[in-house]
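Visitor: The following comprises the amino acid sequence and a computationally predicted model.
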Amino acid sequence: MITNPDTTIAASRLHKGKSSRIAFRRFMHNQLLTTGAGILLVVVLLVIIGPLLTPYGPLQIDPVNRLKGPNLQHIFGTDNFGRDVFTRAVYGLRISVAVGFAVTVVSSLIGMIVGLLSASYSVLDHIFMRICDGLFAFPSILLAISIMAALGPNPGNVIIALSIIFIPSMARIIRSKALVIRELTYIEALHAQGASSWRIIWIHMAPNTLSPLIIQSSFIFAVSILTEASLSFLGAGIPSPSPSLGNMLFDGKTVIYNAWWMTVFPGIFLVLVVLGLNLFGDGLRDLLDPHTNKVKRGRRRGKTTAA
């Protein structure tokens, strides 16, 4: 049977267009995903164009106007040094997002490598997983404070400390997924055909672990921002006078009754970005995890039948 190339191309384009429409429809019907994406869009706009909306610098001091409430000149008020709170909150949000993004990339890449190697080689599995068990034995915030005390407070060391904390959890998740993939029939067929272990790991197994990797990355992003703010609040993160949401909250706690805006507005920024990332992560999990979708559909059917 002779097939027309034009017909095949047209059918392929039609199939891609239909798949795109289905994916877009699933995205729009996922309320968690759309809400999280909307909040993150606002955060991204603040990070990108926020500094253009204010004429002040994050370190600009004005002692005459210290502890002024929100007004037309300073929409979020000023702090105890006369610095504009909105400007510092925007720059602090930029630092938090940059640190969170860097931690997410580093911990995801290293965690993926460790997880895949652990699932493929038993010797490496014993070594890597025992190291992960040792890191899990310490509370995250205490381990981060210990690392920062040894390295010193600056953004680069914050990224190193938080990456060390989140690599074990990512490695565990990737390892568990890779162990399931390793037992599938097509992996056994590749071994039978003489494919090398490295080709099987990085060409065939790694792409199939991207779904849990992406989902977990969104939660690591949120938790790393929250942990960085906690470290800065405790004086072990971003050092003053550099703006950080954490050290802004620390500066405001001593005057919270007289200058509530110093803690409320940075706190709103922190809640906004963490809430957006968590909602986005939950939506991604519902979208990418077939098991979750099946469970939810079963619950809906059960409610409909009961009604």
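Guide: Done, it's in. Note that the structure is a prediction, hence the values are computed from the model and not measured. Residues are numbered from 1 along each chain as shown.
Visitor: going forward, measure contacts and count neighbours with C-alpha atoms only.
Guide: Will do.
Visitor: Spatially, and excluding backbone neighbours, which residue is closest to residue 64.
Guide: Closest residue to residue 64 apart from its sequence neighbours, by CA to CA, 6 or more residues apart in numbering: residue 82 at 6.9 Å.
Visitor: Would you map the helices across this protein?
Guide: 5-29, 31-49, 85-120, 122-136, 140-151, 155-182, 185-192, 197-199, 210-233, 245-253, 261-288, 290-306 (DSSP state H).
Visitor: nearest to residue 56, of those helices?
Guide: helix 85-120 (6.6 Å; CA to CA).
Visitor: follow-up on the earlier one: dump the helices of the chain to JSON lines, plus mean pLDDT and mean neighbour count.
Guide: Shown next, in JSON lines, are those (pLDDT from 0 to 100; neighbours: other CA atoms under 10 Å):
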{"stretch": "helix 5-29", "mean pLDDT": "57", "mean neighbour count": "12"}
{"stretch": "helix 31-49", "mean pLDDT": "90", "mean neighbour count": "17"}
{"stretch": "helix 85-120", "mean pLDDT": "93", "mean neighbour count": "23"}
{"stretch": "helix 122-136", "mean pLDDT": "92", "mean neighbour count": "14"}
{"stretch": "helix 140-151", "mean pLDDT": "90", "mean neighbour count": "17"}
{"stretch": "helix 155-182", "mean pLDDT": "93", "mean neighbour count": "22"}
{"stretch": "helix 185-192", "mean pLDDT": "86", "mean neighbour count": "12"}
{"stretch": "helix 197-199", "mean pLDDT": "87", "mean neighbour count": "12"}
{"stretch": "helix 210-233", "mean pLDDT": "91", "mean neighbour count": "22"}
{"stretch": "helix 245-253", "mean pLDDT": "91", "mean neighbour count": "23"}
{"stretch": "helix 261-288", "mean pLDDT": "90", "mean neighbour count": "21"}
{"stretch": "helix 290-306", "mean pLDDT": "50", "mean neighbour count": "11"}
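Visitor: who are the neighbours in contact with residue 128?
Guide: 114, 118 (CA atoms under 8 Å, 6 or more residues apart in numbering).
Visitor: Distance of it relative to residue 205?
Guide: 19 Å (CA to CA, to the nearest Å).
Visitor: Next: residue 187.
Guide: 8 Å.
Visitor: How about the contacts made by the closest residue in space to residue 46 that isn't next to it in sequence?
Guide: Excluding the flanking residues, the one nearest residue 46 by CA to CA, 6+ apart is residue 90, at 6.7 Å. Going by CA under 8 Å, 6+ apart, residue 90 touches 46-47, 50-51.
Visitor: Would you agree residue 69 is in contact with residue 80?
Guide: No - counting by CA atoms under 8 Å, residue 80 is not a contact partner of residue 69; they are 11.1 Å apart.
Visitor: what is in contact with these two at once?
Guide: With CA under 8 Å, 6+ apart, residue 69 and residue 80 have no common neighbours.
Visitor: hang on, the earlier thing: please enumerate the shared neighbours of residue 187 and residue 205.
Guide: With CA under 8 Å, 6+ apart, residue 187 and residue 205 have common neighbours residue 181.
Visitor: which residue sits closest to residue 283, ignoring its sequence neighbours?
Guide: residue 33 (4.1 Å).
Visitor: quick one on the thing from earlier: for residue 138, state which of the contacts of residue 90 is nearest.
Guide: For these, the nearest to residue 138 is residue 47 (33.4 Å; CA to CA).
Visitor: quick one, phi/psi of the residue nearest to residue 64?
Guide: phi 80, psi 10 (degrees, to the nearest 10).
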